[in-house]
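[1] coordinates for the following, if possible.
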Amino acid sequence: MRINTLLIGLLFFTAAPVWADAAAPAAGTVPPDQVVETTAKAILAAVAAKHEDLKQHPMDLYDVVQKDLLPHFDFDLASRFVLGQAWRSATAAQRKAFQDAFIKYMIRSYADGLLQGNYSDRNLQMEPWHGSADDKKTTVKTKVLRDNGTSVEVDYQMVKTPEGWKAFDVTIEGISYVISYQNQFGPEIQQKGLDELIQRLNADAAKAPPANPPGKG
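    Numbers count the residues shown, from 1 in each chain. So this is what the prediction gives:
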C-alpha cells in the first residue's frame, strides 16, 4: 500500500467538531469516537458542498485544513514516532523545524487528497467505542465504504491531552501511517541528513497546487 492511501483515514481530522448543542461539552469530556465521527462528517460535508470551487482554488482548502487540523492531531507525538532515533539525536531547533515542515507537508497532502477523492459522510461507519473515561490512549475503529460495496478498516490511535482526545496515528487495513512515514523518511535521513529532509518537505509543501478544470478529478 502506498503512503498516499493512508490519506483516506487522516483526511477525517481536517475540521473542527460542529456540536449540535450550543453549549458544547468541555474538550476533555468529549469521547474519542464522537470526536472522530463529528469531525469526519463536518469536513466531508463541507468539501462536498464546494468541491468544484475548491478544486479551482485549492489554497482556500489549505487554509481551512491548517486552521482546523491542528486542534485534533498531536503532531508532537506523531513527529517523535515518525523520526524515531533521529528525533532523539536531533537538536531542539531541528525538532521544531521538522515538526513545522511535517505539518505543512501533511496539510498539503490532506487537502490534495480530499480534492482528488469522492468522499461522503454517508460512507463512514463507526464501531462502538468500549473504552473508559480513565483511558490515556485508545483506538477508535471505523470503516469507509467503497463504491463497489466493500469496506476499508480505518483505526485511529488516540491520546488524551489537556485539550481533549487527539489522533496521533491512523492504521488502514493494518498499515500504520506513522510506520509508513518512518520507513519513507528513515533512509532519506541516513543518506542526506535530517536538515535535507526538512528542506525537501518545505519545498514540496510550497509547490503551486495543480490546476483542476471544473468537473475534472
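[2] ok, whatever helix or strand Q157 lives in: who's next to it in the sheet?
    If you go by DSSP states H and E, Q157 is part of strand 151-161. Next to strand 151-161 in the sheet, as set by DSSP bridges, lie strand 137-145 (antiparallel), strand 164-172 (antiparallel).
[3] tell me which residues of the first one come out buried.
    Neighbour-count burial for strand 137-145 flags T138, T139, V140, K141, T142, K143, V144 (criterion: 16 or more other C-beta atoms under 10 Å). For the C-beta atoms, the positions are set from N, CA and C on the backbone; glycine is no exception.
[4] closest to I103 among those?
    Among these, V140 lies closest to I103 (C-beta to C-beta), at 22.0 Å.
[5] quick one, what contacts the closest one?
    Neighbouring residues of V140 by C-beta atoms under 8 Å, 6 or more residues apart in numbering: P32, D33, V36, M126, E127, W129, D155, Y156, M158.
[6] and the closest residue to it other than its chain neighbours, how far is that from W165?
    Nearest residue to V140 in three dimensions, chain neighbours excluded: Y156, at 4.4 Å (C-beta to C-beta, 6 or more residues apart in numbering). Distance, Y156 to W165, by C-beta to C-beta, to the nearest Å: 9 Å.
[7] what touches both of the two?
    Listed as contacting both Y156 and W165 by C-beta under 8 Å, 6+ apart are P32.
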